[in-house]
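[1] I'll drop the sequence and a predicted model, then ask my questions.
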Amino acid sequence: MSGLVYSTQQGRLCPDCGQPVAKCDCARTRPAARVSRAPSATVNPVPRDGIVRVGRETKGRKGKGVTIVTGVPLPAAELAALCTALKKKCGSGGALKEGVIEIQGDHRDTIADEMTAQGWTVKRMGG
């Protein structure tokens, strides 16, 4: 086992036997014994328990704060409409990224009040 998982000559390699994935037999002969080393892409980091979480985040934004709204159990189209309504209510820009609504600036109180008025259970994240 070399730890090599990709080769420019052969493409993707099996991490167990080192053979090209197309020629690998270990996945077919031992499917239960093989454990995936990569995290699953289907794992959803956003909790979907019906509680809307509103917080503020500055990570990766050069110190600029954005208000984050997570945990809204709505389909994508309705979530986009909610994002647009919240942006208008706050008079600010924002985006919908991977099921998380981001509103530019610190609008935690405004968004929490608006979501509570719409009937959602709201919790504030952070301080």
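    Received, thanks.

[2] from here on, contacts and neighbour counts on C-alpha atoms
    Will do.

[3] got the contact list for the helix or strand harbouring T84?
    Assessed by DSSP states H and E, T84 sits inside helix 76-90. Contacts with helix 76-90, where a contact means C-alpha atoms under 8 Å, 6 or more residues apart in numbering, come from V72, G93, G94, A95, L96, G99, I101, I103, H107, T110, I111.

[4] my guess is the second one contacts H107, does it?
    Translated: G93. No: at 11.3 Å, G93 does not count as touching H107 under the criterion of C-alpha atoms under 8 Å.

[5] Now which of the contacts of helix 76-90 would you call buried?
    Judged by neighbour count, with 16 or more other C-alpha atoms under 10 Å as the criterion, the buried members of the contacts of helix 76-90 are V72, G94, A95, L96, G99, I101, I103, H107, I111.

[6] Please flag which of the residues you listed sit within helices.
    In helices, judged by DSSP state H, the following of the buried ones among the contacts of helix 76-90 are found: I111.

[7] Would you format the buried ones among the contacts of helix 76-90 as CSV with pLDDT and distance to D16 included?
    Putting the buried ones among the contacts of helix 76-90 into CSV (pLDDT from 0 to 100; distance: C-alpha to C-alpha, whole Å) gives the following:
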residue, pLDDT, distance to D16
V72, 89, 40
G94, 94, 45
A95, 94, 42
L96, 93, 39
G99, 89, 35
I101, 94, 40
I103, 95, 45
H107, 94, 50
I111, 95, 50
